[in-house]
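Student: just the structure for this:
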Amino acid sequence: MLGLANPIQSYAWGAVDGLAPLVGAPQTGERQAELWIGAHPAAPSTTPAGDGARRTLADAVAADPTTLLGPDVVERYGARLPFLLKVLAIGGPLSIQLHPDPDQAAAGFAREEDAGIPIDAPERSFKDPFAKPEVLVALTPTWVLVGFRRGSDAAARLRSLGPEARPLADLVVDQPDARRALVHLLTADAAEREALAHLAATRAGAGDDARSWVRRLAAAYPGDATALAPLVLDLRQLHPGEGVFLPAGVPHAYLQGAGVELMAASDNVIRGGLTPKHVDTGTLVDLLAPPGVGVEPMPGDGVALGIRRYAPPVPDIALHRIEAGSRAMAVPTGSGPALAVATGGSAVLTTDDDRVELGEGRAVLVPPGERASCRVRGPGVVWWATTGADG
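Tutor: Below is the predicted model of the structure:
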């Protein structure tokens, strides 16, 4: 097993010391948004390399891909770890965003490479040529915008803001979903977007959770018409242990809470609003999934005592929640590698020849040859990430 030290991303939407209670990260008084566990070049985990030195997990995999990944994964994905595990501390809203499918990712990456846009440029949307299907499972009560409301529902909510919002409502009142309203919020001329942003800031008033979030978003992002998104996108509160799967092209924004997120190993994010970062509204509109493609609830399937499985309908990713407690519990076996991290306390993984303690942001990669003898014990909850094919 490879013990991993993992980088913390300090994005503006992160909670102050937000990862400390989740994974035991050090308290720094700074915003802690995401703990990344994996080999993506944007922020790879590191592992001991001998004599006190460290190397990235990407370098370790490249040096011995068959041992660390297994021949099945190498054949399908090449000599790279194909998934990325994260722990999120959501102190404020993430951007309205979506992710591309495999063909769109490859084309977008090639287009920006040909244009000579540096990989770390703020205006870069495609950081790699891979798709990014993802699963989010809540660790605390977590508010999310995921997919579209029904057209009639969105129209009624928009009309409640007054006659100024009626033209926007009329776009979707007879539609199966509210995508036309989102597209209009993203692409209207500057004067109309300013007027819609004013509506969000002044007309939401008292009301239900959706109107409350409109007020909060309008205050956080003054002048941004997409503050009306809670009236157009589906607002949900996930309870701890509840998850959602986000296919390519589905617009979403995480608003508040904490969770474990597993995705294909990509950092491709197409943003449309509610962010100081680069927005690419034209590309977002072009990449919207067709009607009928939406968010899939992931309550988790009980596959054994103390183990729940979150398995979306894609081969790239599968996630298990393992609550072993004080007893040594076998982990799911398979032909590929696994990443594991503990939340809510420490945990220990053992094999016939090794022992690794998880805690304080540490994680582990378990090669396929060691999974058969691997055991886990708490008290923390272990999140076990694999490809979908062998999870």
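
Student: low-confidence stretches in the stretch 51-200 of the chain?
Tutor: For the stretch 51-200 of the chain, no stretch has pLDDT under 70.

Student: can you give me the helices for the chain?
Tutor: 20-23, 57-63, 65-69, 71-77, 102-114, 151-159, 166-170, 179-187, 190-203, 209-220, 281-287, 368-371 (DSSP state H).

Student: dump the ones you listed to JSON lines, plus mean neighbour count.
Tutor: Using the backbone N, CA and C atoms, a C-beta is placed for each residue, glycine as well. Converted to JSON lines, the helices of the chain look like this (neighbours: other C-beta atoms under 10 Å):
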{"stretch": "helix 20-23", "mean neighbour count": "21"}
{"stretch": "helix 57-63", "mean neighbour count": "18"}
{"stretch": "helix 65-69", "mean neighbour count": "20"}
{"stretch": "helix 71-77", "mean neighbour count": "17"}
{"stretch": "helix 102-114", "mean neighbour count": "16"}
{"stretch": "helix 151-159", "mean neighbour count": "21"}
{"stretch": "helix 166-170", "mean neighbour count": "17"}
{"stretch": "helix 179-187", "mean neighbour count": "22"}
{"stretch": "helix 190-203", "mean neighbour count": "17"}
{"stretch": "helix 209-220", "mean neighbour count": "19"}
{"stretch": "helix 281-287", "mean neighbour count": "17"}
{"stretch": "helix 368-371", "mean neighbour count": "20"}
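
Student: which one of those helices lies closest to Arg327?
Tutor: Distance to Arg327, taken as C-beta to C-beta, is lowest for helix 368-371 among the helices of the chain, at 18.6 Å.

Student: got a list of contacts for the closest one?
Tutor: 1, 67, 69-70, 73, 331-338, 351-354, 390 (C-beta atoms under 8 Å, 6 or more residues apart in numbering).

Student: repeat that with 7 Å
Tutor: Applying C-beta atoms under 7 Å, 6 or more residues apart in numbering, the external contacts of helix 368-371 come out as 1, 67, 70, 331, 333-338, 351.

Student: same deal with stretch 74-82?
Tutor: 38-39, 57, 61-62, 65-66, 69, 73, 264-265, 316, 337, 387.

Student: with distance to Ala154 added, can I get those in CSV?
Tutor: Conversion of the contacts of stretch 74-82 to CSV gives the following (distance: C-beta to C-beta, whole Å):
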residue, distance to Ala154
Gly38, 37
Ala39, 40
Leu57, 43
Val61, 45
Ala62, 48
Pro65, 48
Thr66, 51
Leu69, 44
Val73, 42
Ala264, 30
Ala265, 34
Asp316, 31
Pro337, 43
Thr387, 37
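
Student: between the residues you listed, which is nearest Val303?
Tutor: Once C-beta to C-beta is applied, the member of these that ends up nearest Val303 is Thr387, at 16.2 Å.

Student: quick one: the closest one and Val314, what's the gap?
Tutor: Relative to Val314, Thr387 is positioned 10 Å away (criterion: C-beta to C-beta, to the nearest Å).

Student: then Leu231?
Tutor: Applying C-beta to C-beta to Leu231 and Val314 gives a distance of 30 Å.

Student: picking up where we left off before, Trp13: which of the helices of the chain is closest?
Tutor: Trp13 lies closest to helix 209-220 among these, at 9.6 Å (C-beta to C-beta).

Student: by contact count, what packs against the top strand by length along the chain?
Tutor: Counting by DSSP state E, the longest strand found in the chain is strand 252-264. Secondary-structure packing of strand 252-264 (3 or more C-beta pairs under 7 Å, 6 or more residues apart in numbering; DSSP states H and E): strand 83-90, strand 96-98, strand 134-138, strand 142-148.
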